[in-house]
Structure formats: C-alpha cells, structure tokens
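A.B. asks: The following block contains a protein sequence and its predicted model.
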Amino acid sequence: MPDPSQAERVCHLLGLPLSEFTKAVLRPRVLAGREWVTQARTRQQALDELSALCKTLYEKSFGMLVDRINRALDRPSSKSTFIGVLDIAGFEIFDINGYEQLLINYTNEKLQQFFNHHMFVLEQEEYAREGIEWDYVNFGLDLQPTIDLIETSGATIGVLSLLDEECIMPKATDRTFTNKLHAIWSGEPSTGEEAHPGTFKYEPARFEQGFIVHHYAGRVEYRTDGWLEKNKDPLNDNLTRVLAAASERYIASLFAEYSDAPLPSSNALHAMTIGKKRGQKKGAFRTVGQRHKEQLASLMGQLQSTQPHFVRCIVPNTHKKPGRVDVPLVLDQLRCNGVLEGIRIARLGYPNRLPFVEFRQRYEVLTPGII
C-alpha cells in the first residue's frame, strides 16, 4: 500500500490504530493447525476483505438503527400491535446470475408462496367456511419443490446446505460443489425410490459451470464461480478484533461479540489453541447462506402473525422512461407475480365483503320504514 492516506481517513472515522488495521487486512495471523502463522494477502484478497468490511458495517449499522427505532417506539401497552412495511427487490434474471441473485430469488419464492397462500388458498377456504357454493380452483402455483431444492437439508441436501458443507471441506472448489449438486439433483433415483419433487425444478447448465432453477417467474441459469468464497464468513479474526477494540464506542459496540476471540501473541501461540476451540467464540464461523436462511425464517414467522396487504409494483419499461408501456413486459410481470390469478379469483368470487352492520348502516336510507 504505497499511499496510506485513504487508510488513515478510514481509521480516523472508525477509531482504529492505523498499523493494526493495515496489518489485519494485508498480513493477518491465522491459525494453521495448532500454530499461528502470518499470511501474506494478495491484492485481490485484501480488496475482498475491504468489500466484506463495507457490507458488514452496513448490515450491522442497519440492524442497530432498526433496534434503536424499535426501542424508541416500544410501549408496554401496545407490544402486540404494529404496522410494518416490507419493500423487497423484484425477481432478478440477468444475463449472468450469481450467488446474490440466488438469495434474492429464493426470498422472492418464499414471499410469493406467502402471497399465493393468502390470495388463493385462504380466500377460497373462507368461502367454504361461509357455506357458499364454490368449486375450489387450484392455480397450480405450488412453489414448495423449488424452495426445497434451495433450502432443504437432510438425506437430499439442498443448494445452500451443500454450499455450507463444501465451505468447510479442505479441498473443495466451486467445481466440486457444482458436480455434487448435479449428482444429487439431476441423477436418476435409486430403484424403488421416488424422485424428489425438486428434481423437476433443477437442470445442469449446458455450457457454463452452473445450474438452472425453474422458479415461478421463469428459468434462471446461475453461474457458480466464486460461490464458496462469497458464502464464507468474510471477515478474518484479526480485523474483527481490531474493530471490537475501536476507540469509537459505536463501532466497538457493533463488533462486541468478537471481543473475546483468542489473540495470537508470539509468546503463547501453543497455549491459546489448547482447550479452546475456535468455534466457541460468539462471533463463530457462520456462512452468508446460514444467516440469510435464519433471517428469512424470522421474517416469514413475523409475516404469518400479521394481517397482510399487498401492493404490486410493475416496471412499465426497461429504459426508465416516462410514458412508455412495454405490454409484453407488463403482462409477464402480472403473470409471474400472481396478479392475473388474483383477478381470476376476484371475478369468480366476492372481491368486496362488508359485515352486515356496516351494510345496513350504509344502505338503510334506501328502505325507510323497514325495521
């Protein structure tokens, strides 16, 4: 690093000692077996580390901000009542789709399933409960096989769980991960076994290293280059320890969970590793996929305890220009996000329902003299 001026600015803002910060990024000490060794980082590795630091600072700051707002709004009398707004990124199908697109599309798949359940299943169940003559309409939007393909664990392991497994294998690569995925999801089932429903949603990519998933919104081809690195816990112990000891109290509080990590000192290299496994510290190795699954499960649990209302946003054209409507593009969005199916149900059923008391208050003016 020929010019330290940028690093000096960062360290000033975050309250970090310059030498400790640069050493943690460029020459971190890592545990190799039972000894600490200094690792010489390449330029790309250092850039990846800084990129991970940016994302982690953003994620932790955002979480802290939400916590602060919730603490400020918290009233003992109204803990069970709140209004929340969830604004999600739309489904992503690019020319080249990577790990980020898989996580975004997996989230969309779960939220679409939630939407379908409320708009189609519960709506029709209500007609049945009220004794209305109703032929149940199955809209064929069962998204569970695709969700299982991505998140399942156990005998038939899904994409994210297999990726987590490969991240701790010593000689695993993106290629070995992709090959194992093909073997599990595109192979023929054993004699007497039924194929997992998710196998019908999966196919190997024909030309590139990757695979294709049949999502509700269409087929998406994912390239698996760099997936193992993207999924690993991105920040090294040296850097998180430096951040946990920052003189800026806010920064130190964001990384407080890492403050009890073992410190590699030259005098006690061996003593430190004996009897204390690395995984025991609170900021233990957790993959991006694990964190995403946990946060998504928490979100779905919260949504299922609410009364949802849906706003569907439609992109009119891909040029970001006013006054232009690309009809096939709009129709495709309406079709793949369930709006057309919702309209079909509304046409068959009863889109507006009023309790009898409200109905009478509104219309009794038309029938004066009737009790």
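C.D. replies: Received it, and whenever you're ready, just let me know what you need. Numbers count the residues shown, from 1 in each chain.

A.B. asks: How many residues are close by A256?
C.D. replies: 13 (other Cβ atoms under 10 Å). (Glycine included, C-beta is placed from N, CA and C.)

A.B. asks: residues touching it, list them.
C.D. replies: Each residue near A256 by Cβ atoms under 8 Å, 6 or more residues apart in numbering is listed here: A244.

A.B. asks: cool, A7 as well?
C.D. replies: 1, 18, 21-22.

A.B. asks: lowest-pLDDT helix or strand in this protein?
C.D. replies: helix 269-273 (a mean of 30; mean pLDDT, DSSP states H and E).

A.B. asks: Of the contacts of A7, keep whichever come out buried.
C.D. replies: Buried subset of the contacts of A7 (neighbour count, 16 or more other Cβ atoms under 10 Å): 21-22.

A.B. asks: of all the contacts of A7, which comes closest to I150?
C.D. replies: Closest approach to I150 among the contacts of A7 (Cβ to Cβ): F21, at 37.1 Å.

A.B. asks: Ignoring the adjacent residues along the chain, who's closest to the closest one?
C.D. replies: Of all residues not flanking F21 in the chain, C11 sits nearest, at 5.3 Å (Cβ to Cβ, 6 or more residues apart in numbering).

A.B. asks: cool, T152 as well?
C.D. replies: In space, T152 is closest to G158, 4.0 Å off (Cβ to Cβ, 6+ apart).

A.B. asks: and the residue positioned nearest the centre of the chain, helix, strand or coil?
C.D. replies: Centroid-nearest residue in the chain: H292, 4.0 Å away (criterion: Cα atoms, centre = their mean). Under DSSP: H, G, I helix; E, B strand; the rest coil, the three-state class of H292 is helix.

A.B. asks: Check the spacing between L299 and H215 real quick.
C.D. replies: Distance, L299 to H215, by Cβ to Cβ, to the nearest Å: 19 Å.

A.B. asks: More neighbours: which of these two?
C.D. replies: H215 (21 against 17).

A.B. asks: Do you know the pLDDT at that one?
C.D. replies: Note on H215: pLDDT of 91.

A.B. asks: Show me which of the contacts of A7 is closest to V339.
C.D. replies: Nearest to V339 among the contacts of A7 is F21, at 50.2 Å by Cβ to Cβ.

A.B. asks: how close does the closest one sit to F94?
C.D. replies: Look at F21 and F94: by Cβ to Cβ, they are 35 Å apart.

A.B. asks: mind listing what the closest residue to the residue nearest to the centre of the chain other than its chain neighbours touches?
C.D. replies: Excluding the flanking residues, the one nearest H292 by Cβ to Cβ, 6+ apart is L103, at 5.3 Å. L103 sits next to 288-289, 292 when contact means Cβ under 8 Å, 6+ apart.

A.B. asks: State the three-state secondary structure for H214.
C.D. replies: Per three-state DSSP, the secondary structure class of H214 is strand.

A.B. asks: In this structure it contacts L149, no?
C.D. replies: No: in this structure, H214 is not within contact of L149 by Cβ atoms under 8 Å, at 9.0 Å.

A.B. asks: remind me, longest helix of the protein?
C.D. replies: Longest helix in the chain by number of residues (criterion: DSSP state H): helix 43-73.

A.B. asks: Tell me the helix or strand right after that one.
C.D. replies: From helix 43-73 onward toward the C-terminus, using DSSP states H and E, the following helix or strand is helix 99-116.

A.B. asks: looking only at pLDDT, what's the mean for the helix or strand following that next one?
C.D. replies: Downstream of helix 99-116, the first helix or strand assigned by DSSP H and E is helix 123-129. Throughout helix 123-129, pLDDT has a mean value of 83.

A.B. asks: Please list the outside residues in contact with helix 123-129.
C.D. replies: Residues outside helix 123-129 that contact it (Cβ under 8 Å, 6+ apart) are 134, 136-137, 345, 349-350.

A.B. asks: hmm, 10 Å instead?
C.D. replies: By Cβ atoms under 10 Å, 6 or more residues apart in numbering, the surrounding residues in contact with helix 123-129 are 117, 132-139, 342, 345-346, 348-351, 353.

A.B. asks: list the helices and strands the helix or strand following it packs on?
C.D. replies: Helices and strands here follow DSSP H and E; after helix 123-129, the next one along the chain is helix 144-151. Judged by 3 or more Cβ pairs under 10 Å, 6 or more residues apart in numbering; DSSP states H and E, the packing partners of helix 144-151 are helix 99-116, helix 159-167, helix 174-185, strand 202-204, strand 210-215, helix 288-304.

A.B. asks: so for the third one, what's the average pLDDT?
C.D. replies: Same thing as helix 174-185. For helix 174-185, the mean per-residue pLDDT is 94.
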